[in-house]
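Peer 1: Generate a structure from the sequence data that follows.
(one chain, ligands or ions: 1)
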Amino acid sequence: MSRLIVISNRVSVPTADQPGTQGGLAVALTAALREADGIWFGWSGETGETGDLKFASYDGVTSATIDLPEQDVEEYYDGYANRTLWPLFHYRLDLAEFERDFQGGYERVNRVFGDVIGPHILPDDLIWVHDYHMIPLGWVLRQRGLTNRLGFFLHIPWPPTRLMTALPQHRRLVEALFAYDVLGFQSDEWLETFHDYVVREMDGSIGENGQVTVGGRTIRAIACPIGIDAQEFVASASSPSAIATHGRMVESSIGRSLIVGVDRLDYSKGLEERFNGYRRYLETRPDAHANVYLLQIAPPSRATVQNYQDIRAQLDALSGRINGAFADIDWVPLRYVNQGFPRDVLAGVYRAARVGLVTPLRDGMNLVAKEYIASQNPEDPGVLILSQFAGAASQLSNALLVNPYSPDDIADAIERALAMSLEERIARWKPMFENVRDQDVIWWRKRFTNSLMRV
Ligand code: GDG
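Peer 2: Sure thing, here's the model as predicted:
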């Protein structure tokens, strides 16, 4: 059996003293690597001289990391990854910054990764590179003479061609993808927009079975939606800590229905629009006051980037205004919490919530939607309200799908969710649960690696 080598920007394996506040990638990959005898390479998250790889093992997962000099972090991570590609790929051309230094730093760090990881690769290893931070890495490894099977998975959306072409040297970036043998996207929609770019901008062609050909080189591009560790989530939803949390939530809500949102604090998650939708609900349904409350958990992320400081300040102000306008002496409509919680606590919160409110403006997939579904009590499940612009919407089509830009849509969906009969709740939840259970993280990993092994 070939070893599996995973390479991504960060290697944030959970540890005993750091109960998961990791992003979706970490949550998914830890489970995947534990199954295959893998090594996970990436940046340590520390600044310093690059130096040698540091190897560590925890809970069945081996990791190997390097530090990066401050300038690299600024240009590659804060810069090109988070200030150029992230906003652009999430349709936010207005927030994207195009700096030559960012691109230079990005390419430099990818070369460094190729240099330090290359010597640790065995001829038969399957190499699986993750996400927008590492697009050129496959090309770099090929330059170093590697002939291994190389796969790349994009966790975020692929933008429409006309947005993509606003990126200086966009073609150089996309050409690098052709060093891989297999490309994975979260949904058919992102795969189609990739096809569109290839046809329009590269004079390429799309063949049978996911084949994509440009200038004589043929690779495979597939839709391969990421899943969650569903079994673990189902188990953690009935763990002692989840049950205690559930009790705490029910007690503190005194008969009120809980609506929950859980997101990294990021402008792509549509938090401002969600708060405005909730405000619309409160404005237009005064008789519903004091029967509901919204708990929004939003651990801050990427706090060194100005746009993230801005969105945080806007949300602080908006949540204050909503509570100022609607709170009563014994009721607060919005509990807004900027901190992360252990996963089993989160599972208890999901289970106690009558409504899961997941309304990103754009999202590659969105794992929170799946975690909410996995955590429900089968006899009395809650209702998922989901953005039509999340990759998850195509798999979770029995959710109440909303346009996250429309406060009226969100307000209507909240009303409908709270009034929904038990029968309808079960009928909607069940097929979604089956999807989350069957197309879980192991299914995802196998689908991708099987495709890679066939190369
Ligand atoms: C990227 C793509 C794609 C959040 N708060 C806490 C906490 N979390 C966990 C959630 C979930 C994960 O973080 C977030 O995953 P998402 O998928 O929702 O979003 P991104 O971080 O933007 O992830 C996304 C994903 O990659 C995977 O491919 O789905 O589209 O943007 O698992 O539970 N976990 C804990 N406490 C918290 O307070 N323990």
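Peer 1: any idea how far the nearest residue to residue 9 once chain neighbours are set aside lies from residue 79?
Peer 2: Among residues not flanking residue 9 along the chain, residue 133 sits closest, at 3.8 Å (CB to CB, 6 or more residues apart in numbering). All C-beta atoms are positioned from the backbone trio N, CA, C, and that covers glycine. Distance of residue 133 to residue 79, computed by CB to CB, to the nearest Å: 11 Å.
Peer 1: Can you pull the domain assignment for this structure?
Peer 2: Following automatic domain parsing, the chain resolves into domains at 4-227+441-453, 230-438.
Peer 1: and residue 193, what is it in contact with?
Peer 2: 157-161 (CB atoms under 8 Å, 6 or more residues apart in numbering).
Peer 1: repeat for residue 61
Peer 2: With contact taken as CB under 8 Å, 6+ apart, residue 61 is in contact with 13, 30, 33-34, 38, 40.
Peer 1: Got phi/psi on it?
Peer 2: The phi and psi torsions at residue 61 (degrees, to the nearest 10) take the values phi -120, psi 130.
Peer 1: I'd assumed residue 228 was in contact with residue 374.
Peer 2: Yes. With contact defined as CB atoms under 8 Å, residue 374 reaches residue 228; the gap is 6.3 Å.
Peer 1: For burial, what's the neighbour tally of the nearest residue to residue 284 once chain neighbours are set aside?
Peer 2: Leaving aside its chain neighbours, residue 284 sits nearest to residue 411 (6.2 Å; criterion: CB to CB, 6+ apart). Counted with other CB atoms under 10 Å, the neighbours of residue 411 add up to 21.
Peer 1: what does residue 95 give?
Peer 2: Other residues close to residue 95 by other CB under 10 Å number 19.
Peer 1: And residue 400, by the same measure?
Peer 2: 19.
Peer 1: from memory residue 376 sits against residue 351, does it?
Peer 2: Yes. The pair formed by residue 376 and residue 351 meets the contact definition of CB under 8 Å, at 6.3 Å.
Peer 1: tell me, what's touching the two both at once?
Peer 2: With CB under 8 Å, 6+ apart as the test, residue 376 and residue 351 both reach 237, 382.
Peer 1: element containing the residue nearest to residue 190 when sequence neighbours are not counted, please.
Peer 2: What sits nearest to residue 190 in space, not counting adjacent residues and going by CB to CB, 6+ apart, is residue 158, at 4.1 Å. For residue 158, there is no enclosing helix or strand under DSSP states H and E.
Peer 1: ok, now how distant is residue 158 from the ligand?
Peer 2: Note on residue 158: its distance to the ligand, by CB to the nearest ligand atom, to the nearest Å, is 12 Å.
Peer 1: and that residue, how many neighbours?
Peer 2: Neighbours of residue 158 using other CB under 10 Å come to 26.
Peer 1: correct me, but it touches residue 187?
Peer 2: No. Taking contacts as CB under 8 Å, residue 158 lies outside contact range of residue 187: 9.4 Å.
Peer 1: and the stretch 151-300 of the chain, which of its residues are near the ligand?
Peer 2: Residues of the stretch 151-300 of the chain found near the ligand (CB under 6 Å from any ligand atom) are 155-156, 226, 262, 264, 297, 299.
Peer 1: Let me know the closest of these to residue 356.
Peer 2: residue 262 (8.5 Å; CB to CB).
Peer 1: What residues does the residue nearest to residue 190 make contact with?
Peer 2: 89, 185, 190-191, 193-194, 197.
Peer 1: quick one: contacts for residue 425?
Peer 2: 380-383.
Peer 1: Among these, which lie within strands?
Peer 2: residue 383 (DSSP state E).
Peer 1: Any of the contacts of residue 425 buried? List them.
Peer 2: 381-383 (16 or more other CB atoms under 10 Å).
Peer 1: where are the low-confidence patches of the stretch 151-300 of the chain?
Peer 2: Along the stretch 151-300 of the chain, segments meeting pLDDT under 70 are nowhere present.
Peer 1: just to revisit the earlier point, adding pLDDT, write the contacts of residue 425 out as JSON lines.
Peer 2: What follows is those, written out as JSON lines (pLDDT from 0 to 100):
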{"residue": "380", "pLDDT": "96"}
{"residue": "381", "pLDDT": "98"}
{"residue": "382", "pLDDT": "98"}
{"residue": "383", "pLDDT": "98"}
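Peer 1: of the contacts of residue 425, closest to the ligand?
Peer 2: Set against the ligand, the nearest of the contacts of residue 425 by CB to the nearest ligand atom is residue 382 (16.0 Å).
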